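1. sequence and predicted structure, then a few things I'm wondering about:
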Amino acid sequence: MDTIKQFIKYYKPYRKMFFYDMGCALTLSGIDLTFPLLVRFLMNEVYVLNDTNEIIKFILIIGSILLGMYILAFFCQYYITTWGHIMGARMESDMRKELFGHLEKLSFSYYDEVNTGKLMSCITNDLFDISELAHHGPEDIFISCIKIVGTFAILSMINIKMTLILIFFTAIMLAFSLYYNRKMKAVFAKNRQKIAEVNAITQDALGGIRVVKSFANEAIEMQKFEAGNEAFVKTKSESYLIMGKYFSGNGFFKNILYLATILVGGLFITRGEMNLADLTVYILYINTYLNPVEKLVNFTEQFQKGMTGFERFLSVVRTKPEIDDEPDAQPIGEVKGDITFENVSFSYADEEKNVLSNMNIHIPAGKTVALVGPSGGGKTTFCSLIPRFYEVSEGKVLIDGKDIKHITQSSLRDAIGIVQQDVYLFGGSIKQNIAYGDPKAGDEAITQAAKKANIHDFIMSLPEGYDTFVGERGVRLSGGQKQRIAIARVFLKNPPILILDEATSALDNESERYIQRSLDELSKGRTTLVIAHRLSTIRNADEILVLTKAGIAEKGAHEALMNENGLYAQLYNMQFETA
Ligand code: ADP
Ligand code: MG
């Protein structure tokens, strides 16, 4: 019930359209219901007249009435088809917008749990079902109910016994339809699942085509595919068997209904309980009301599909972002870049064990701190607490002495630049991708940033220069080139705090050296946290923190730590040997 109430809310902006739509539906139903009555009038009162001129006069009058009605029907049908659908589409787009806005608000912890690709495709289908329901739902129910009730009301006035017989046959037919409708729904769901399985097999095999070929395992993949494909054709055939019974059965019942009408009607005529005109009316009305009955049967499915979709939609938009600005959150203002962790503990949602426990760290403004340690020690986690991608479980993170919980997220993140191992470039030009760091930047500033990131010369060597298209279907860039575009982005953003999370670890030695220079340049005058697996790149840090699962194992400058001959020295030597 609550779901339906929520659903109705989305009609609000389109109240006018909705009522016009319903008005048109009402008019159309009325017109359909009137036709047999006019025919009856003609047969009973007009065609039996003795005066030919009178007959012609009546025919012209009724003909004009009908023509008028049909012209009206034309406009109503036009309105319903165009504006009814447009209303559905607008509601769909409203929901999509709300959804997108909400998805942007949700925190990282949400995306850790959810498969976004699946979510998006699911919601695309859902929204289509919702939009269909939004438009056809009320209109179909309204038209169908009026037509069915109207038909039976009119028929009962003509002959109640005959009408009861009609109702009896209709009830049998309805039971049949509902039964098969449910069966079809189940088998359609199975169909969808099977085709999804075939698609998954195909995707997997094609995604790993290099592996398949290098192991010469095409035959094995074919076997897997065939099994899925066979299962698909089996359920598909099953569904056609049911569909066959449903459609032919429906047709049969419909014909029986006509047959019963003329037989019983004939019987009533011989007994003088009704006349030919009445029988004609019955036959005409069968058509008027069978269609709505079918629509109502189908509606149950449409309703269920639409509502399930809508519930899924609601469950997403009702998910509260784990991290939200406090009502009195303030912008951070001018940032010096002093970072403090005060008794910080952190664990990921649903995980019992803390990744970070009781950390107390102070990073003075403008200093460079290196985080080193074994993989899984919590370095990335540590860094993601500073822009508040995750909420600390205990303790506080302070920037320039201000608890970041009381600062607006957008101003906080404006103050922090992050360069990661994987670079994401958006579909668009190189220029647009760099400008992502500061959408207001002019061409000159963008070029400057690219120069500082050592990527300007390369960009200029491309035929289309800064307008070269990158991203999914754009020009192929090497890991190092992408990384330098990402660095240019951060140069342009010019944040007081910088986080470099294994920014060079995906690169070969040559590119790494190249990028290291840009990074050194970038970190000048900023508070910098650097995570690197190549220890040579962090020797120059003001302080080194060795982070392990147990917490901070060691901290100090390179020389001091080497002299200590502890974990850091061990890690360093190991690196040095392999390098
Ligand atoms: P590092 O960067 O030092 O390699 P991470 O901070 O990535 O370490 O990971 C620290 C620990 O937290 C690991 O045990 C890892 O499995 C876990 N972890 C990392 N990210 C998540 C996440 N999004 N959800 C749950 N656990 C995570
Ligand atoms: Mg990491």
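-> On my side now, so go ahead. Numbers count the residues shown, from 1 in each chain. Ligands and ions are numbered 1, 2, ... in the order given.
2. helices and strands around the helix ranked longest in the chain, which ones?
-> The longest helix of the chain (DSSP state H) is helix 218-270. Secondary structure elements in contact with helix 218-270, counted by 3 or more Cβ pairs under 8 Å, 6 or more residues apart in numbering; DSSP states H and E, are helix 160-207, helix 276-317. Placement of C-beta: from N, CA and C, glycine included.
3. how close does Ala569 sit to ligand 1?
-> Distance, Ala569 to ligand 1, by Cβ to the nearest ligand atom, to the nearest Å: 19 Å.
4. for that residue, what are its contacts?
-> The neighbourhood of Ala569, defined by Cβ atoms under 8 Å, 6 or more residues apart in numbering, consists of Leu561, Met562.
5. could you do Leu561 as well?
-> Neighbour list for Leu561: Ile544, Val546, Glu554, Lys555, Tyr568, Ala569 [criterion: Cβ under 8 Å, 6+ apart].
6. next, the contact list for the residue of the stretch 1-150 of the chain found nearest ligand 1, please.
-> In the stretch 1-150 of the chain, the residue that lies nearest ligand 1 is Asp112 (4.1 Å; Cβ to the nearest ligand atom). Going by Cβ under 8 Å, 6+ apart, Asp112 touches Tyr348, Ala349.
7. which bits of the protein sit near ligand 1?
-> With Cβ under 6 Å from any ligand atom as the criterion, the chain meets ligand 1 at residues Asp112, Tyr348, Glu351, Val355, Ser375, Gly376, Gly377, Gly378, Lys379, Thr380, Thr381.
8. how many neighbours does the third one have?
-> Pointing back at Glu351 there. Here the number of neighbours of Glu351 (other Cβ atoms under 10 Å) works out to 9.
9. re earlier: run the chain-centre distance for the helix or strand harbouring the residue of the stretch 1-150 of the chain closest to ligand 1.
-> Here Asp112 is covered by helix 108-113, with elements defined by DSSP states H and E. Relative to its parent chain, helix 108-113 has a centroid offset of 16 Å by Cα atoms, centre = their mean, to the nearest Å.
10. same question for that helix, mean pLDDT?
-> For helix 108-113, mean pLDDT rounds to 89.
11. how near is Gln570 to Arg539?
-> Gln570 sits at a distance of 16 Å from Arg539 (criterion: Cβ to Cβ, to the nearest Å).
12. same thing with Tyr282?
-> For Tyr282 relative to Arg539 (Cβ to Cβ), the value is 97 Å.
13. so these two - more neighbours on which side?
-> Tyr282 (26 against 13).
14. low-confidence ranges in the protein?
-> 472-473, 576-579 (pLDDT under 70).
15. so who does Ile434 touch?
-> Counted by Cβ under 8 Å, 6+ apart, Ile434 has contacts Ile446, Ala449, Ala450, Ile485, Ala488, Arg489, Leu492.
16. what about the last one, neighbour count?
-> By the other Cβ under 10 Å criterion, the neighbourhood of Leu492 contains 22 residues.
17. and which of the contacts of Ile434 is nearest ligand 1?
-> For the contacts of Ile434, the minimum distance to ligand 1 (Cβ to the nearest ligand atom) is 21.9 Å, reached by Arg489.
18. so how far is the host helix or strand of that closest one off the chain centroid?
-> Assigned by DSSP H and E, Arg489 belongs to helix 479-493. How far helix 479-493 lies from its chain's middle: 30 Å, per Cα atoms, centre = their mean.
19. cool, stretch 440-449 as well?
-> 35 Å.
20. can you show me the CA trace of that stretch as PDB?
-> Backbone C-alpha positions of stretch 440-449 (Å, rounded to 0.1, in the frame of the first residue of the first chain) are rendered in PDB as follows:
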ATOM      1  CA  LYS A 440      36.600  26.700 -14.800                       C
ATOM      2  CA  ALA A 441      40.200  26.600 -16.000                       C
ATOM      3  CA  GLY A 442      41.200  28.300 -19.200                       C
ATOM      4  CA  ASP A 443      43.300  26.800 -22.000                       C
ATOM      5  CA  GLU A 444      46.400  28.400 -20.800                       C
ATOM      6  CA  ALA A 445      46.100  26.900 -17.300                       C
ATOM      7  CA  ILE A 446      45.400  23.500 -18.800                       C
ATOM      8  CA  THR A 447      48.500  23.700 -21.000                       C
ATOM      9  CA  GLN A 448      50.600  24.700 -18.000                       C
ATOM     10  CA  ALA A 449      49.300  21.800 -16.000                       C
END
